[in-house]
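1. make a model of this:
(chains A, B, C and D, ligands or ions: 4)
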Protein chains: 2
Amino acid sequence: MNEHVHAATDLTKNQTLVMGALTNSDGPLSAYTILDQLRDHGFRAPLQVYRALDKLVEFGLVHRLESLNAFVACRHPGCDGHQTIAFMICESCGQVNEISDGILTKRLKALADEASFALKKTTIELRGLCRSCQAA
Amino acid sequence: MNEHVHAATDLTKNQTLVMGALTNSDGPLSAYTILDQLRDHGFRAPLQVYRALDKLVEFGLVHRLESLNAFVACRHPGCDGHQTIAFMICESCGQVNEISDGILTKRLKALADEASFALKKTTIELRGLCRSCQAA
DNA sequence: CGCAATCTTGTAATAAGATAACGTCACATC
DNA sequence: GATGTGACGTTATCTTATTACAAGATTGCG
Ligand SMILES: [Zn+2]
Ligand SMILES: [Zn+2]
Ligand SMILES: [Zn+2]
Ligand SMILES: [Zn+2]
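-> Residues are numbered from 1 along each chain as shown, chains lettered A, B, ... in the order given. Ligands and ions are numbered 1, 2, ... in the order given. Below you'll find the model as predicted:
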């Protein structure tokens, strides 16, 4: 049922609103920031946001950044979920860059296999300074 | 001052207590779980735990698991901070395995360099099932 | 010693993030 | 029409983390 990426038209009203907030944003947003932005559209409670986010993450349209407790729209529509995704997060400007890399994916798989660990999900988040912010 | 790993004797009373709680634990502990465990020793407020944890993390004696909002004692005293650390977290039994790998470290560095990203800290957390828990 | 600078601690209050529990509504299926 | 399912709304509650302020302890001089 959710084996393929969903198109925007499959989304419910609340999911569309949350997706819009994330898409229009430069960087990641916390659930409560999204809530505040959508109060004018009838959002009143955190659960409305969290429920939409759960689905969007499930659909692969949104990623959760664990080290920020925040969410970001997928900038890489090709990311098929078969490769691990790494995020480069600038601690100065907050910009997030999403990359997937075969070598990384393979190495993590190998390490997991070596330990007989059944890998289900990987979180890779790199913190530092983006190119622009190093100049300053 | 904190450029080298601190010995246990360098720790303050609160730091020692928090470190002890983590060392005695099988798996990661949340700050509030630690607080509860240390109430008999005079702990009354979250900040006492968080302040100790901040220092212990700074000293490299404790790692924070971002995807769990929890903390774990370093099981790998050799981890010098020059390599990235990856955690394999079993979603069934909660056991955490800490590994550092040169290939992984080099690949992440290369990806960061490629993007002109000044890497400061990496978070790698693998979720899945450990060997024992796959049997069940 | 006397004093300042710094570190550590204690406490209360509050902010930020996430979920539980309950009921309702719309829609598809039989 | 009965039934099941999924989205929605609302309230309350829980977990995680920080801010603000004050009091002791420690160190390093002069
Ligand atoms: Zn993506
Ligand atoms: Zn930047
Ligand atoms: Zn370690
Ligand atoms: Zn296990």
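
2. count the neighbours of the residue lying closest to A:Val62 once chain neighbours are set aside for me.
-> Closest residue to A:Val62 apart from its sequence neighbours, by Cβ to Cβ, 6 or more residues apart in numbering or on different chains: A:Leu56 at 3.9 Å. Placement of C-beta: from N, CA and C, glycine included. A:Leu56 has 23 neighbours, counted by other Cβ atoms under 10 Å in any protein chain shown.

3. swap in A:Ser100?
-> Other residues within reach of A:Ser100, judged by other Cβ under 10 Å, total 17.

4. any idea how far DNA strand D is from A:Glu58?
-> As judged by Cβ to the nearest atom of the strand, to the nearest Å, A:Glu58 and DNA strand D stand 9 Å apart.

5. and for that residue, the neighbour number?
-> Around A:Glu58 there are 11 residues (other Cβ under 10 Å).

6. for A:Cys130, same thing?
-> Other residues lying near A:Cys130 total 21 when counted by other Cβ under 10 Å.

7. now do A:Thr105
-> When neighbours are counted by other Cβ under 10 Å, A:Thr105 registers 18.

8. A:Gly102 too?
-> Neighbours around A:Gly102, by other Cβ under 10 Å: 10.

9. which residues touch it?
-> A:Gln83 (Cβ atoms under 8 Å, 6 or more residues apart in numbering or on different chains).

10. switch to 10 Å and redo it
-> Applying Cβ atoms under 10 Å, 6 or more residues apart in numbering or on different chains to A:Gly102 gives the contacts A:Gln83, A:Thr84, B:Arg107.

11. quick one: it from A:Phe117, how far?
-> According to Cβ to Cβ, to the nearest Å, A:Gly102 and A:Phe117 sit 20 Å apart.

12. host element of the residue nearest to A:Val62?
-> If you go by DSSP states H and E, A:Leu56 is part of helix A:46-59.

13. which positions within that helix qualify as buried?
-> A:Gln48, A:Val49, A:Ala52, A:Leu53, A:Lys55, A:Leu56, A:Phe59 (16 or more other Cβ atoms under 10 Å in any protein chain shown).

14. could you dump those residues into TSV and include pLDDT and distance to B:Thr123?
-> Putting the buried residues of helix A:46-59 into TSV (pLDDT from 0 to 100; distance: Cβ to Cβ, whole Å) gives the following:
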residue	pLDDT	distance to B:Thr123
A:Gln48	98	29
A:Val49	98	24
A:Ala52	98	25
A:Leu53	98	20
A:Lys55	97	25
A:Leu56	96	22
A:Phe59	93	24
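
15. nearest to ligand 4 among the residues you listed?
-> Nearest to ligand 4 out of the buried residues of helix A:46-59 is A:Leu53 (Cβ to the ion; 27.8 Å).

16. count of neighbours near the spatially closest residue to that closest one that is not a sequence neighbour?
-> Spatial nearest neighbour of A:Leu53, chain neighbours left out: A:Phe71 (5.7 Å); criterion: Cβ to Cβ, 6+ apart. As a burial measure, A:Phe71 scores 23 neighbours (other Cβ under 10 Å).
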